[in-house]
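*Asks:* Okay, sequence plus prediction incoming.
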Amino acid sequence: MFYWNDVEASRQLIAAVVTLVLFVVTAPRGRRWLARGSLLLLLLSPLPLLLAPLFPAATDAAGFAHQAVRFLALASLLQSLLLLLVVAVWERIGRPMPQIFLDVLRISLVGVALIASLWEAGAAAGDLFAGSAVLTAVLGFALRDTLGNVFAGLAIHAEHPFEVDDWIQYDDNQAHIGKVVEINWRATKVITLDLAYVIIPNGQLAQASIRNFTKPDPWSRRSLFVTAPYEVPPQRVQAIMLQAIRGSFGVLEHPAPSVVTNNYNERGIEYWVRLFTTEFGKRDLVDGMARDRIFYALARNGIRLPVATHQVRLTQLPPQVEMPRETVVAERAARLEAAGVLGVLSAEQLRKLASDNEERTYAAHEPIIRQGEPGESMFIITEGRVKVTVQAAGSKPVHIRDLTMGDYFGEMSLMTGEPRSATVTAEAETRVLEVSRPAFRAILEEQPDLVERLGEDLQRRLIEREEAVEGAEKSRQDQNPADLLSSMREFFGL
């Protein structure tokens with residue numbers, strides 16, 4: 001049997017204080033708050049001695065007070081030693097211990113201190129164990145649900161099916177998806193996209209099928225379903241959709257997105273667009289922007305999303321559709337005239353150019369042309385704004401300029417047949433008039449002076465581009481304007 005006298009209790013108090021101070025000094029700043037439990041036990045240790053005089057003299061209040069002091073001192077010492085070992089030593093060389101495990105150990109040590117104090121006070125070992133068994137049975141029956149949640153929480157920490165900051169689906173309901181913000185004794189707390197704070201008992205999670213969208217890989221797949229008309233070949237639709245979502249917000253290049261034919265229904269052919277993203281918390285925005293890109297891309301290629309054949313749908317046509325053809329052409333011609341480079345054209349030439357080409361609409365943040373791609377057309381902005389960037393090999397894209405209504409781009413490919421020399425991206429919903437090579441050649445044959453004017457502007461833009469991009473090819477920068485004009489005339493056969 002242990003025997004502790006007052007001197008021993010004093011030693012325990014001193015040892016508890018020293019151990020607690022040592023923990024506070026050596027522990028990381030963010031973990032020092034764990035010492036509050038041990039400190040509270042130390043502060044409570046003088047209380048039994050202060051309360052002892054209040055009891056009748058016939059009772060052994062002083063003896064009980066001394067036993068209580070020894071219990072509090074021992075409990076504080078054991079907890080401080082545990083914190084010093086786990087936090088100040090173990091966590092410096094290994095993985096931090098989950099909070100729930102640390103709490104279980106601390107409570108267990110309080111129980112050990114209580115049993116040791118009762119044993120030292122003269123309680124028989126058989127009585128202690130019998131009483132502990134009865135107390136355990138009573139508490140276990142009364143707190144069976146709470147204890148079930150506690151043990152489920154221990155299992156979650158041991159198996160690691162998910163961790164804090166993981167996105168999980170915690171039952172079969174697709175709406176029950178949230179980000180884990182805390183795992184404690186009783187429950188796991190998640191916050192949904194609707195900013196709803198959900199508390200799920202650990203026992204319920206232990207019996208549920210949990211879907212983790214963050215582990216083992218940080219990306220997850222999103223599925224979009226788009227229906228296109230039967231008249232358009234599936235391979236063409238799939239290529240348009242893949243090109244449209246390329247570079248869209250949150251869409252990863254690896255794993256690569258894909259499009260497959262999924263179903264045939266009364267509206268048309270249903271396509272399954274599959275993309276991967278690491279922006280699971282913004283998955284609705286990722287899906288929405290990808291759908292926008294697909295809509296604009298299909299519209300630019302003359303593909304309208306079909307409606308069910310058994311429905312009657314009345315649609316208010318856009319103003320440009322309701323307008324007579326002559327009015328639409330006249331408005332386009334006015335926009336073309338506003339582009340300074342075409343100011344030398346006659347009214348009839350502008351109308352012809354406007355009639356032979358079509359306007360196209362692009363979504364915000366959607367690339368209109370990409371550097372290095374082939375092309376034989378130029379674009380004149382009729383509405384919206386774009387940004388122009390170039391990228392040298394092994395470097396980051398460089399922002400060259402912003403263009404707005406009346407500006408034009410893509411003239412290098414139109415004039416010389418070279419690949420696109422820059423990437424142009426819509427900054428807002430943008431409409432452009434695409435001028436094709438055959439239509440422009442007819443204009444140049446009537447207005448040869450336009451070649452020289454465009455050649456001068458091309459030379460200026462080339463120099464500006466080369467000065468902006470470090471390490472770009474010097475051959476273009478040194479190109480003679482006369483050589484550029486000669487190349488343009490040769491390309492158009494003038």
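*Replies:* Good, I have the coordinates. Predicted, not measured: the structure shown is a model, and the values here were computed from it. Numbering: from 1, shown residues only.

*Asks:* Any regions of the stretch 351-494 of the chain where pLDDT drops low?
*Replies:* Within the stretch 351-494 of the chain, the stretches with pLDDT under 70 are 461-462, 464-494.

*Asks:* what are the ranges of the helices in it?
*Replies:* 411-416, 437-446, 449-468, 474-477, 481-492 (DSSP state H, counting those that start in this stretch).

*Asks:* Who are the contact partners of residue 426?
*Replies:* 362-368, 384-386 (Cβ atoms under 8 Å, 6 or more residues apart in numbering). To be clear about C-beta, it is placed using only N, CA and C from the backbone, and glycine gets the same treatment.

*Asks:* Kindly indicate which of the residues you listed lies nearest residue 427.
*Replies:* Within these, the smallest distance to residue 427 is 5.0 Å, found for residue 385 (Cβ to Cβ).

*Asks:* give me every residue that touches that closest one.
*Replies:* 402-405, 426-428, 430.

*Asks:* Kindly report the same for residue 446.
*Replies:* Here residue 446 is in contact with residue 349 (criterion: Cβ under 8 Å, 6+ apart).

*Asks:* roughly how far apart are it and residue 350?
*Replies:* Applying Cβ to Cβ, to the nearest Å, the value for residue 446 to residue 350 is 12 Å.

*Asks:* next one: residue 204
*Replies:* From residue 204 to residue 350 the distance is 71 Å (Cβ to Cβ).

*Asks:* Looking at these two, which one has more neighbours?
*Replies:* The neighbour count for residue 204 versus residue 350, taken as other Cβ atoms under 10 Å, is higher for residue 350 (22 against 15).

*Asks:* Confirm that one sits in a strand?
*Replies:* No: assessed with DSSP: H, G, I helix; E, B strand; the rest coil, residue 350 is helix; it does not lie in a strand.

*Asks:* Which secondary structure element is home to the residue nearest to it when sequence neighbours are not counted?
*Replies:* The spatial neighbour of residue 350 that comes closest, neighbours along the chain excluded (Cβ to Cβ, 6 or more residues apart in numbering), is residue 333 at 4.1 Å. Residue 333 belongs to helix 325-338 when assigned by DSSP states H and E.

*Asks:* which residues pair with residue 191 across the strands?
*Replies:* residue 179, residue 197 (DSSP bridges).

*Asks:* Pull the number of nearby residues for it.
*Replies:* Neighbours around residue 191, by other Cβ under 10 Å: 15.

*Asks:* swap in residue 254?
*Replies:* Neighbour count of residue 254, defined by other Cβ under 10 Å: 6.

*Asks:* ok, the residue nearest to residue 350 - contacts?
*Replies:* 347, 350-351, 353-354 are the contacts of residue 333 under Cβ under 8 Å, 6+ apart.

*Asks:* Which among those residues count as buried?
*Replies:* Buried subset of the contacts of residue 333 (neighbour count, 16 or more other Cβ atoms under 10 Å): 350-351, 353-354.

*Asks:* ok, back up a step: can you tell me which of the contacts of residue 333 is nearest residue 229?
*Replies:* Nearest member of these to residue 229, counting by Cβ to Cβ, is residue 354, at 28.4 Å.

*Asks:* just checking, that closest one touches residue 433?
*Replies:* Yes: under the criterion of Cβ atoms under 8 Å, residue 354 makes contact with residue 433 at 7.4 Å.

*Asks:* So for the two, which residues contact both of them?
*Replies:* Contacts common to residue 354 and residue 433, judged by Cβ under 8 Å, 6+ apart, are 332, 336.
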